[in-house]
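let's see this in three dimensions:
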Amino acid sequence: MLRPRQIHTQREFRIKTGNHSVRHQFGEFSLGLLRTFRVDRIKKERKSTSAHDNMISTEDAICSANSVNEENPSRSAADGNESFEKLASMSLVSNITVYLRTEYNMGGILLVNVVNIWSGSSNITSLAGAFISDTYLGRFRTLLFGSLASLLGMGTMTLTTGIPRLHPSKCTSESNCPQPQSWQLGFLFAGLALLVIGAGGIRPCNIAFGADQFDTRTDKGRAQLESFFNWWYFSFTVALLIALTAVIYVQTNVSWVLGFAIPTACLGLSISIFLLGRKTYICKKPQGSIFMDMAKVLTAACWKHREALGSNWEQPSYDPSPEESDPGVIKLTRTSRFRFLDKAALIVDPNELDGQGMSKNGILPVWITGIACFIAMDQQTTFGILQAIQMNKSIGPHFKIPPGWMTLFSMIALSIWIFIYERIYIPQMRRITKKDKRLTMQQRISTGIIMSILCMLVAGIVERKRRESALSRGSYESPITIALLLPQFILSGMVEAFAAVAILEFLTTQMPESMRTVAGAIFFLSLSIASYIGSFLVNMIHLITRKNGKSAWLGGHDLNKNRFENYYYIIAAVGAAIFVYFNFFACHYVKKVDLCEDVREIQLENSASLH
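As a prediction, the model looks like this:
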């Protein structure tokens, strides 16, 4: 009896290169090119004696390739590394605006450009880190080297504040404010560059390495992975809430040297914790770069551009049955978008290829939505802190709130919401509906966009009130309490809790296991682009508004001379446009993911009822 041909949810093709053939499973997410492909290598048919394989064996010697265990103790060590690494990086990120203003006497435009370019570069290097991790080093080694680079960067930043000659003298007045010399800036930028390199190794791999510890082929593993993204944010945020209050207070009120030495020591401790768990980690071997595979598919499609492509794939094509594939490979639906790339799977020469697949899932529209949300989030670490500097920071006669503390309220809001969602909302819905009833990705992303719009509107109203009160008194600082900034920082945290977590989950779950590193890189690329767009907007608004002798909306050391609230309103308008874009276009791609989850739940319920 002939084995019936099952309905396939995805076409596959194999490209033969050199002395061995490798399967590639592609999924579209359109980055720079029209799309990027989801690649999941299933097996190698021949052994390779290349240096690449030698490096793989070295990886196995350092990091044991354990089997997936539901109670894998390596997750605790990984969480410890994540918490301490974030303590080190966020203690600098949260207070870098204050540091550059007070220690390097940087003005508004230069300061915002330095912070945005540094933040954007830290995120965009995630692509290079993902490439190196997937192709050569693996996630464990890339994380280790990235952590070491970050340690050197934090050490350099500590020297910039500990050695007086490495930064300019303090301002005596607004008119007498010495600017940093080029060689002083060079030393500062060297430290920031090392941190950028470190971030490129850590950021794309941390999430993927953590997700590797779960077996998504089991129901329990999938359920654990769903909560992983929320608890990933929650775990290190709680650590930051406890530690950053002390670190930022020390930086602002005690000593910048001690304030930078503490996170440097914590980063060194995180590396030690990370290495302690190296024998228990589940480490996936490097399986090649998605970018190489992307180029191969584009090349194959171009060579076959004259071939006819039928509507129902009548032509011979590379489509192995599910029984011939790795059971761990998740096949996704083949759509009609960018069908010219499907020609890469057509069989023209039987000796040319021997199987592989393509899937298209429309990640680009959702990814663009995230960029707009992150622009609003970025404003609080730059202009939000500058607002705090020029407000009344006193609580009682003897204590002043450090401006950098304001970012903690964003983290508090994020942590409280995740705790309520995971520990109160979901259990209550499970009790009522008898199943895990989570908010859909579309609901969370839409809510995050609304929060970003409200954040900018509230920030604009507060800035207008702050500026008017300062001008009425003729003072640099406004008498209005810094507590008035709480709503905008809390809303910023809610943007991250709703939109950022949902978009990160969307990107990661739409990638196979071997490409989760790329998913993290794509997420951080959106953060990078948001920083660059923010810097571009600041410079363009500054140039446009200062024409014809008018006072610029942005620029200088004194926000009282600006019309900064108008900048907030412009970003709010961008958010409103993105809300329309998402709900009328991009949400359709998210709905497909939510629908698949609903179908799977129904299938599980039916299966349970049969047994």
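
chain neighbours aside, what residue packs nearest to Gly268?
Computed as CB to CB, 6 or more residues apart in numbering, the closest residue to Gly268 that is not its neighbour in sequence is Leu151, at 6.0 Å. For the C-beta atoms, the positions are set from N, CA and C on the backbone; glycine is no exception.

and that neighbour, what element?
Per DSSP states H and E: Leu151 is located in helix 138-162.

check which residues of that helix are buried.
Judged by neighbour count using 16 or more other CB atoms under 10 Å, the buried positions of helix 138-162 are 138-158, 160-161.

per the record, what domains does the chain have?
61-308, 369-510+563-611 (automatic domain parsing).

rounded mean pLDDT for the last one, please.
Per-residue pLDDT values over domain 369-510+563-611 give a mean of 83.

do you know the pLDDT at the residue nearest to Gly268?
pLDDT at Leu151 comes out at 91.

now do the contacts for it.
Gly198, Thr264, Leu267, Gly268, Ile271 (CB atoms under 8 Å, 6 or more residues apart in numbering).

got it, and Thr264?
Thr264 touches Ala88, Leu151, Met154, Gly155, Thr158, counting by CB under 8 Å, 6+ apart.

check contacts around Gly146.
Per CB under 8 Å, 6+ apart, neighbours of Gly146: Gly129, Ile197, Gly198, Ala199, Gly200, Gly201, Ile202, Cys205.

just the element for Trp367, please.
Applying DSSP H and E, one finds Trp367 within helix 363-378.

and the contacts of the next helix or strand after that helix?
The first helix or strand that comes after helix 363-378 along the chain, using DSSP H and E, is helix 383-389. Outside helix 383-389, the residues that touch it by CB under 8 Å, 6+ apart are 97-98, 101, 108, 111-112, 401, 403-404, 406-407, 459, 462-463, 466, 482, 485, 488-489, 492, 559, 564, 567.

on that earlier part again, closest one to Ala530 among the domains of the chain?
domain 369-510+563-611 (3.6 Å; CB to CB).

Phe209 and Cys266, how far apart?
Applying CB to CB, to the nearest Å, the value for Phe209 to Cys266 is 20 Å.

between these two, who's got more neighbours?
Phe209 (29 against 20; other CB atoms under 10 Å).

which residues of the protein fall in strands?
For the chain, applying DSSP state E gives strands covering 13-17, 20-28, 357-360, 394-395, 399-400.

about what we covered before: ok, of the contacts of Leu151, which one's closest to Ala586?
Out of the contacts of Leu151, the member with the shortest distance to Ala586 (by CB to CB) is Gly198, at 32.6 Å.

show me what contacts the residue nearest to that closest one when sequence neighbours are not counted?
Nearest in space to Gly198, with sequence neighbours left out and distances taken as CB to CB, 6+ apart, is Ser150 at 3.0 Å. Ser150 sits next to Glu85, Ala88, Ser89, Leu194, Leu195, Gly198, Ala199, Ile202, Leu267 when contact means CB under 8 Å, 6+ apart.

for the residues you listed, which one is nearest Ala470?
Proximity of the contacts of Ser150 to Ala470 (CB to CB) peaks at Ser89, which lies at 33.0 Å.

name the residues of stretch 240-260 that are buried.
240, 243-244, 247-252, 256-257, 259-260.

try stretch 410-428
Within stretch 410-428, the residues that count as buried by 16+ other CB under 10 Å are Ser410, Met411, Ile412, Ala413, Leu414, Ser415, Ile416, Trp417, Ile418, Tyr421, Ile426.
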